[in-house]
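>>> Just need the structure, nothing else, for what follows:
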Amino acid sequence: MPEESNISKFWNPEILGINRKHHSPLYLQLARSIEELIKRGRLPEGTCLPPERKLAELMGVSRITVTQATRLLEEEGFLTKIQGSGIFVGNACECPPLKADGSGREVISLFHNISLETSHQTITTDNACQYLLAQGYEVIKVGFPHVNLERVLIQYYINFIAGALYYPGNQTQKSFRTAKIFEECNIPYVIYGNSSIPGVNADFISSDDRKSVAGITRCLISSGHVRIVIIGGFMKYSLGAEREKGYRDAMEEAGLVRLQFPYNIDMQKNYSDNHFLLGYNSAMELLKRKPFPTAIMAGNSIIGEGVLKALFEMKIKVPDDVELIGLGDDIEANRYHRDNWPQISSVAVPREEIGRRAAEMLIERLHHPKAPFKTVKLATRMIHRGTTRIGAE
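Take a look at the predicted model:
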């Protein structure tokens, strides 16, 4: 769906400069503040605003005030209200033709689930966008935060897009429905990012997570580790399934019995929105067992920071007693890091290359619509820092 703005990011009366003591009416202040966000590019075209009731609650004003502000912006052409769908930035009623700017350049749309947007998704998508622009294509970036609006969005854009790149995240059921809508609408598309979509025939590109985890596990085994576990591996998704296969490959090659993963489904579910807590609580549960593992792979660097906190609280030496590796080099992890903690060793995923190659695959699909579908897996790179013995030396 056109992107729904991050509620905590913009919708705050202090951030928007709403002043009840000012002589200007509140609705006009709100309207001008939203207009400024749009003009500065903070609310891109296609962004979905929060519902009026929710916006009124966040801004501490009446719903009437919000309605007056959005009506004014709609009259001025900054917003569009679509019955049953929401309020969007831009004029969604005027669909541009296939040749959007008259130059003969086709329009490509980058669909992704905005509720899952992270730095690595942004890096990948931005590189795909830059490559397409350099090749002379127009690019529209949209997302759908609400499951029931996917079909509305895709059927709206079908009139003027040549193809789509789709970053599904880990939501398998929703991803499957979305992919099927692309197929029903005859929109050529390429899936890129972390997870493939079972049951869907489409071009797909990602990092080679099975090979990556297998390689890390083999290295840990060669260093003398036998008690190796994964925390927060997202095993119920295709990404996690690939990691599980890689872990199993290496453990069985070495004749080692796989250890039970240190979290149950309920714990994974309870902390799925807070990866730091997922890592911390899972590790605390795991470390109560004797003997505890000597090597831990965390589903991403944020989970790794949570694991690291647990290890420090339990006074377990890292990397002397336990080596720790994050299966992803996430920028967001920095906000959880403490100065007295070692930097987490991690797996670097070639996100820029994934974005560029995804764009290349889509262009190829546009030129050869009946060609066999391709699956491309790119190699990752291990970065040793302070939580592995090699990095700490």
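>>> ok, residue 206 - how many residues close by?
Using other CB atoms under 10 Å, the number of residues around residue 206 comes to 22. Yep, even glycine has a C-beta here, placed from its N, CA and C like the rest.
>>> doesn't residue 212 make contact with it?
No. The pair residue 206 / residue 212 is not scored as a contact, 10.7 Å apart, by CB atoms under 8 Å.
>>> For residue 33, see how far away the residue lying closest to residue 55 once chain neighbours are set aside is.
Using CB to CB, 6 or more residues apart in numbering and skipping the chain neighbours, the partner closest in space to residue 55 is residue 66 (5.0 Å). To residue 33, residue 66 is 12 Å away according to CB to CB, to the nearest Å.
>>> cool, and residue 126?
Separation of residue 126 from residue 33 (CB to CB): 27 Å.
>>> and these two? which has more neighbours close in?
residue 33 (18 against 15).
>>> ok, now which ones touch the more buried one?
Taking CB atoms under 8 Å, 6 or more residues apart in numbering as the criterion, residue 33 is in contact with 16-18.
>>> And whichever helix or strand it is part of, what's buried?
In this assignment (DSSP states H and E), residue 33 forms part of helix 26-39. Under the neighbour-count criterion of 16 or more other CB atoms under 10 Å, helix 26-39 has 26-27, 29-35, 37-38 buried.
>>> Point out where this structure drops to low pLDDT.
1-10, 82-85, 91-105, 112-120, 143-159, 170-172, 233-236, 258-273, 331-332, 391-393 (pLDDT under 70).
>>> wait, what's in contact with residue 123?
Listed by CB under 8 Å, 6+ apart, the contact set of residue 123 reads 351-352, 355.
>>> now do 7 Å
Taking CB atoms under 7 Å, 6 or more residues apart in numbering, we find residue 123 in contact with 351-352.
>>> just checking, it is part of a strand?
No. Checked against DSSP: H, G, I helix; E, B strand; the rest coil, residue 123 lies outside a strand; its state is helix.
>>> separation between it and residue 110?
Counting by CB to CB - residue 123 and residue 110 are separated by 13 Å.
>>> got it, and residue 354?
13 Å.
>>> what does residue 192 give?
Residue 192 is 9 Å from residue 110, where distance means CB to CB.
>>> where do the contact lists of those two overlap?
The contact sets of residue 192 and residue 110 overlap at residue 165 (CB under 7 Å, 6+ apart).
>>> neighbour count winner among the two?
Using other CB under 10 Å as the criterion, residue 192 and residue 110 rank with residue 192 on top: 28 against 24.
>>> can you pull the contacts of the residue nearest to the more buried one when sequence neighbours are not counted?
Computed as CB to CB, 6+ apart, the closest residue to residue 192 that is not its neighbour in sequence is residue 358, at 3.7 Å. Neighbouring residues of residue 358 by CB under 7 Å, 6+ apart: 128, 165, 190, 192, 205.
>>> Looks to me like residue 358 is in a strand.
No. Under three-state DSSP, residue 358 sits outside any strand and is assigned helix.
>>> could you say what helices and strands the strand or helix carrying residue 220 packs with?
If you go by DSSP H and E, residue 220 is part of helix 209-222. Packing partners of helix 209-222 (3 or more CB pairs under 7 Å, 6 or more residues apart in numbering; DSSP states H and E): helix 238-253, strand 295-298.
>>> Let's see that with 8 Å instead.
strand 228-231, helix 238-253, strand 295-298, strand 381-383 (3 or more CB pairs under 8 Å, 6 or more residues apart in numbering; DSSP states H and E).
>>> And the contacts of it?
In contact with helix 209-222 (CB under 8 Å, 6+ apart) are residues 194, 228, 230, 239, 242-243, 245-247, 249-251, 253-254, 256, 295, 297, 323, 325, 327, 347, 377, 379-380, 382.
>>> and that helix, which residues are buried?
Buried-residue list, helix 209-222, by 16+ other CB under 10 Å: 209-221.
>>> Just put those residues in TSV and tack on distance to residue 308.
As requested, these are exported to TSV (distance: CB to CB, whole Å):
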residue	distance to residue 308
209	22
210	26
211	26
212	21
213	19
214	24
215	22
216	17
217	20
218	23
219	20
220	17
221	22
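>>> which one among these gets closest to residue 161?
Of all the buried residues of helix 209-222, the one with the least separation from residue 161 (CB to CB) is residue 209, at 29.8 Å.
>>> For residue 382, see how far away the closest one is.
13 Å.
>>> Same question for residue 141, what's its three-state structure.
With three-state DSSP as the basis, residue 141 sits in strand.
>>> now do residue 69
Once three-state DSSP is applied, residue 69 turns out helix.
>>> That one touches residue 24, doesn't it?
No. With contact defined as CB under 8 Å, residue 69 does not reach residue 24; the gap is 11.8 Å.
>>> Of the two, which one has the most company?
With neighbours defined as other CB under 10 Å, residue 69 and residue 24 compare such that residue 69 has more, 27 against 10.
>>> who's in contact with the more buried one?
By CB under 8 Å, 6+ apart, the neighbours of residue 69 are 27-28, 30-31, 34.
>>> Make JSON lines out of these and add distance to residue 132.
Below are those laid out as JSON lines (distance: CB to CB, whole Å):
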{"residue": "27", "distance to residue 132": "39"}
{"residue": "28", "distance to residue 132": "39"}
{"residue": "30", "distance to residue 132": "35"}
{"residue": "31", "distance to residue 132": "34"}
{"residue": "34", "distance to residue 132": "29"}
